[in-house]
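K.L.:
build me a model:
(2 chains)
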Protein chains: 2
Amino acid sequence: MNSNQISIFDTTLRDGEQSPGASLTSAEKLEIARFLARMGVDVIEAGFPAASPDDLEAVRRIALEVGRPQPGNSNRFRDVPVICGLARLTHSDIDAAWQAVQFADRPRIHTFMATSPIHMRYKLRMEPEQVVSRVKEMVAYARSLCEDIEFSPEDAGRSEPEFLYYVLGEAIQAGATTLNIPDTVGYTTPEEFHQLIAGILEHTPGIEKACVSVHCHNDLGLATANTLAGIRAGARQVEVTVNGIGERAGNTSLEEVVMALHTRRAVFNLETGIDTTQIARISRMVSNYTGIPVQPNKAIVGANAFAHEAGIHQDGMLKHQTTYEIMQPETVGVSRSRLVLGKHSGRHALKAHLEEMGYQLNQVEIGLAFERYKQLADKKKVITDADLTALVEDQAFQSQEVFSLEGLQVACGTMGMPTATIRLRGPDGKQHTQAVVGTGPVHAAFEAVNAIIGVPNTLVEFNIHAVTEGIDAIGEVTVRLQAENGSLTKRTSPQNDQLSARTFGGYGADTDIIVASVKAYLSALNKLLLAKGYFGQPETPLEMPRALELNSATNT
Amino acid sequence: MNSNQISIFDTTLRDGEQSPGASLTSAEKLEIARFLARMGVDVIEAGFPAASPDDLEAVRRIALEVGRPQPGNSNRFRDVPVICGLARLTHSDIDAAWQAVQFADRPRIHTFMATSPIHMRYKLRMEPEQVVSRVKEMVAYARSLCEDIEFSPEDAGRSEPEFLYYVLGEAIQAGATTLNIPDTVGYTTPEEFHQLIAGILEHTPGIEKACVSVHCHNDLGLATANTLAGIRAGARQVEVTVNGIGERAGNTSLEEVVMALHTRRAVFNLETGIDTTQIARISRMVSNYTGIPVQPNKAIVGANAFAHEAGIHQDGMLKHQTTYEIMQPETVGVSRSRLVLGKHSGRHALKAHLEEMGYQLNQVEIGLAFERYKQLADKKKVITDADLTALVEDQAFQSQEVFSLEGLQVACGTMGMPTATIRLRGPDGKQHTQAVVGTGPVHAAFEAVNAIIGVPNTLVEFNIHAVTEGIDAIGEVTVRLQAENGSLTKRTSPQNDQLSARTFGGYGADTDIIVASVKAYLSALNKLLLAKGYFGQPETPLEMPRALELNSATNT
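P.N.:
Next up, the predicted model:
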């Protein structure tokens, strides 16, 4: 990597997935990782393998399927991405990380330990010297397993600079190859962060042997500016998430940093390997899978980011394009044209158009999509790209069905007795029907589902939006729920050593928002049932080559 | 104002309201302006009076009702805020602005003209010298009406610095008292913007007589950082919007700048007059009225901004509070406790609780709220602050009713014949009933409303979300629609001299999301009907004291 190249380290699947309620299934993680690899991300932090056996499995699967050259996996002009797993500085965490990432062509273990006075005293309850010796010992251990080791001094933004230089120097000597400097609590200003990175580059012994990375949080709205300040000071890796998701106010946005470097090339004189035209698509995928909406005024990927107040003539906008537009929507994959297919378009036109939009569907999938397309065209006058995206994603990315929806009938209104009757086909092959009165039609329908399935759960979030303009729009629903008990669904958090309940997300799209809601709820419940192992195997177990399994056992 | 004081200039009602589809009614604007005054905003840019007679009226009303000391209007320890109106550099715009703001105790006219080569050539079609002489002439004219004149060189971020110093110097000589430097297209980096402001302070003749202001946009995610860079360079006024709303990726967020200055006081050593504990409430009000949602990972005001992944013990969080929390939720008015009232709480408890939440309801309103509260308590086990907010806002801030909802009955499901029957009472006092089959229950219900009212309109946006956790949550719906024709609803945009269609927003809340949707749709349609003057007077005309009207005529 030359000195004008910025390495993009995406942690959507690790730090992003720590957002409240954003949990992803293995299949969703794999899909996102594939997309990140295709669009040119350099390093994918695929998860925190010590969190749970499921998490380890998900990282291992990404290492195997995205971390090795496979047809369609990577941009053919580039290497496969580095696949990285997070580990606290313990043998068991590092072992779990290595167990997961070793199958990648370019594995990395990312270790971390807090170095700020407040974290050492209250979280770790360790003396600074104890922290240093743990860093030396455990980074060396990680390095004995894996050649590519990243080390992060957590809460570096509030750490004492002299101590930081010392710890980082020891980490380099113990074998760390990337030193990542996190502003864990989003506290620093760009000037302070610039100074921090410049100080580290100047004073850390052996720093010329390592790559310096920055990892910022957005608590004060300064994540992008701090990241760019770090780059100016000499950092050459940036840790980011799609849509800036992450705990609290989230992490630095991939799209903002990439497009700032791209749009202001003349100022920064730096390159990334990102295909910017994929930004809108990955933004939408991450929003759908995590259930975390993107506000319309979000930079780069918000629905209004390129819009002008309605009513400006098309001519006027084109004439004045550069007067109010510093980026062209096409650069990030947003198309200016919207209307695409008519009611009488055929299967071939649909296939061609979906391919243009980036969807590679097989014969069976195209058949299903076309059938749904015709149904939609009967209901809706104008079908747009957004409609097609909703249609394809609703179809392609549903979880394995344990219970499937056979029928729904709802009556509601101002009389105040909203009633839903639902029919599901269960794993026993039989039909189950229940009618329930609720506080509203969605409540009634969800309770009817629960009356059939009978697994206690809590609805954590429920979101509906219309994906397309107009009164006959498709409604898109995302839900997130948690099982009310059961240790199988708990995960360990890397930051606080405590267990946290796992959340399951579901997605549904339909012109009838109650139907879309039930689809989304059922899809989330099916994920929960699979994860709990109530029906069949727990969540899509990986077919592991026997040889690799032995290899893994030897190394750990 | 001392040199450590930063003046907060809020342009939510002007630049924020230019967001696609964010149009607000006069009543909503007044409500927001009142709240901004109460929380300590120094300058309220109340609108662009030349846009339309309605816009002028809305600004005039704010000047009269918020710009003068009135019981409950302003913080009793401060002056009333400056009320500002925007004007292009023409006699008619300046006249309209003065007509609107003159009734305030502290009126301001904000004039602007583009100074970048690209804007002068393609938008203005003027030579630089023509621009300078227009600035001199028109700023002087504005100053002849009003003592407080702000001038903005539009697209300053892409203007030639020497030209900028020259134009600004001429504006000061012509009487401008505040010079606002906008990065209109969100193009600059913090370093560049710092340099721009420092250059202006160093090289502009007479700059010591004026206040320098900054106005940034968030296209590259750098608005907050650029604003802080401008402050460091010496700017003492910042132009911001609540939730960072505005065209494209929006303006600088009030809450981010205020909380960065507040949280990092030791670094900036600057003060604002803002009562930070009102931030969460104004954020919610603006989001509800504009229909623009706030993403959960938005800094300061996002739903997750202070949340931690579920499952962390309360004890643990309190113990580690400062390890991951740089601001306390209470500082911005987010309460840690959620559960509040039980089913058996009385009217007095409700009133006391609502007052604690900042709602001052009169006897009649409390009566209505209590009735709805009891209905809700029958349906829902747990009633939270969020439920109460939805309940009160749904009740208190509905538009004047032209048509009112008497009954709704909906049948939908997977049979694919969603049907809505609706009964409205019209301005004729009669009941009207229609049944319509649609593509979904919302579509059917809206079309049934249209079948009765018969005013062609386009639904521009439709948003539902659950305001509270749990399966029996209240659904909140915001819609935005436009009339399909009718010049009465057009408004002029300050940036492009073209007319743009006016958008009407509506809000509804109910445990039945179809009922909530109809309430929201009807509320938006009622606003449209009133604005078009179909029924009764156009939108709540102001009772203008006769003397003031004469005064106004004399001055323009």
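K.L.:
which residues touch the residue of chain A positioned farthest from its centre?
P.N.:
What lies farthest from the middle of chain A is A:M415; by Cα atoms, centre = their mean that is 42.4 Å. By Cβ atoms under 8 Å, 6 or more residues apart in numbering or on different chains, the contact list for A:M415 reads B:G407, B:Q409. Every C-beta, even on glycine, is put in place using the N, C-alpha and C of the backbone.
K.L.:
give me the pLDDT value at it.
P.N.:
At A:M415 the predicted local confidence, pLDDT, stands at 87.
K.L.:
before we move on, what about the one 5 residues further on?
P.N.:
Turning to A:A420, the model gives it a pLDDT of 96.
K.L.:
residues contacting it?
P.N.:
Counting by Cβ under 8 Å, 6+ apart, A:A420 touches A:L408, A:Q409, A:V410, A:A435, A:V436, A:G438, A:P441, A:A444, A:A445, A:E447, A:A448, A:I514.
K.L.:
what pairs with the host helix or strand of it, parallel or antiparallel?
P.N.:
Using DSSP states H and E, A:A420 sits in strand A:419-425. Sheet partners assigned to strand A:419-425 using DSSP bridges are listed as strand A:404-413 (antiparallel), strand A:431-437 (antiparallel).
K.L.:
tell me the residues of the stretch 1-150 of chain A that contact chain B?
P.N.:
A:Q18, A:S19, A:P20, A:G21, A:I118, A:H119, A:Y122, A:K123 (Cβ under 8 Å from any Cβ of the partner chain).
K.L.:
buried subset of those?
P.N.:
The neighbour count (16 or more other Cβ atoms under 10 Å in any protein chain shown) marks A:Q18, A:S19, A:P20, A:G21, A:H119, A:K123 as buried among the residues of the stretch 1-150 of chain A next to chain B.
K.L.:
out of these, what pair is the most spread apart?
P.N.:
Taking Cβ to Cβ, the two most distant members of those are A:G21 and A:H119; they sit 25.3 Å apart.
K.L.:
got TSV for the contacts of A:A420, with pLDDT and neighbour count too?
P.N.:
Shown next, in TSV, are the contacts of A:A420 (pLDDT from 0 to 100; neighbours: other Cβ atoms under 10 Å in any protein chain shown):
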residue	pLDDT	neighbour count
A:L408	96	24
A:Q409	95	19
A:V410	95	29
A:A435	96	12
A:V436	95	19
A:G438	92	23
A:P441	93	30
A:A444	94	26
A:A445	95	28
A:E447	94	18
A:A448	95	27
A:I514	93	32
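K.L.:
which stretches of the stretch 401-550 of chain A have low pLDDT?
P.N.:
Along the stretch 401-550 of chain A, segments meeting pLDDT under 70 span A:466-471, A:485-491, A:496-501, A:533-550.
K.L.:
one more time with 90, if that's ok
P.N.:
Applying pLDDT under 90 to the stretch 401-550 of chain A picks out residues A:401-402, A:415-416, A:427-428, A:454-511, A:520, A:523-524, A:526-550.
K.L.:
can you map out the helices along it?
P.N.:
Using DSSP state H, counting those that start in this stretch, the helices found in the stretch 401-550 of chain A span residues A:441-453, A:513-531, A:546-555.
K.L.:
SS state for A:G302?
P.N.:
Following DSSP: H, G, I helix; E, B strand; the rest coil, A:G302 is assigned to coil.
K.L.:
so which bits of stretch A:209-224 are buried?
P.N.:
For stretch A:209-224, by 16+ other Cβ under 10 Å, it's A:210-224.
K.L.:
does it reach chain B?
P.N.:
Yes - using Cβ under 8 Å from any Cβ, stretch A:209-224 reaches chain B at A:N218, A:D219, A:L220, A:G221, A:L222, A:A223, A:T224.
K.L.:
how much space separates the fifth one from B:L254?
P.N.:
Going back to what we said before, that points to A:L222. Look at A:L222 and B:L254: by Cβ to Cβ, to the nearest Å, they are 15 Å apart.
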